[in-house]
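>>> Sequence unavailable; structure follows:
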């Protein structure tokens, strides 16, 4: 999927006022996701993204985590921290950050191979996994896992 197409879809799904907001939201979510995922998995995800979105994700995966450890196993944090980091990076509140994250993750789901989507879902805790299209579908049908 091309960069412009991804940003346009995020803008539409998240009902953002302009492409700049969609770009900020997309980058904020991808950077935060890269911090949460093991670095090898983050690299695989970024390899399937356009360069404009892959580069910030790769850079985030390479930086040491907040506790000073490498991201080889991914930083451990929950939905509250996930939303807070996205909100801070996107310049919005946590409720908007969660809506934007769900939109970005839906577009990401369409951009990645099904196998990679399964690996991403498996690397996330249940509360963050609920933002994924598969997580929302499972919640709607009452399937917990």
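Ah, there it is. Predicted model only: the values in this text are computed from it and were never measured.
>>> What's the end-to-end length of stretch 34-53?
Length of stretch 34-53, first residue to last, Cα to Cα, to the nearest Å: 11 Å.
>>> Show me what that stretch is in contact with.
By Cβ atoms under 8 Å, 6 or more residues apart in numbering, the residues outside stretch 34-53 that reach it are 1-3, 6, 26-27, 30, 33, 54-58, 60-63, 65, 70-75, 77, 82, 85, 108, 111-113, 116, 119-120, 123-124, 128. Glycine gets a C-beta too; all of them are placed from N, C-alpha and C.
>>> That one - what's its average pLDDT?
In this model, stretch 34-53 has an average pLDDT of 94.
>>> Could you list the buried residues of whichever strand or helix holds residue 88?
If you go by DSSP states H and E, residue 88 is part of helix 79-90. For helix 79-90, the buried set under the neighbour-count rule, 16 or more other Cβ atoms under 10 Å, comprises 79, 81-83, 85-87, 89-90.
>>> got a list of contacts for that helix?
Residues from elsewhere that reach helix 79-90, judged by Cβ under 8 Å, 6+ apart: 21, 24-25, 27-29, 31-32, 35-36, 77, 92-94, 96-98, 100-101, 125, 127-128, 130-131.
>>> Reformat the buried residues of helix 79-90 as JSON lines; add pLDDT and distance to residue 141.
As requested, the buried residues of helix 79-90 are arranged in JSON lines below (pLDDT from 0 to 100; distance: Cβ to Cβ, whole Å):
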{"residue": "79", "pLDDT": "97", "distance to residue 141": "20"}
{"residue": "81", "pLDDT": "97", "distance to residue 141": "28"}
{"residue": "82", "pLDDT": "98", "distance to residue 141": "24"}
{"residue": "83", "pLDDT": "98", "distance to residue 141": "24"}
{"residue": "85", "pLDDT": "97", "distance to residue 141": "30"}
{"residue": "86", "pLDDT": "98", "distance to residue 141": "27"}
{"residue": "87", "pLDDT": "98", "distance to residue 141": "29"}
{"residue": "89", "pLDDT": "97", "distance to residue 141": "32"}
{"residue": "90", "pLDDT": "97", "distance to residue 141": "30"}
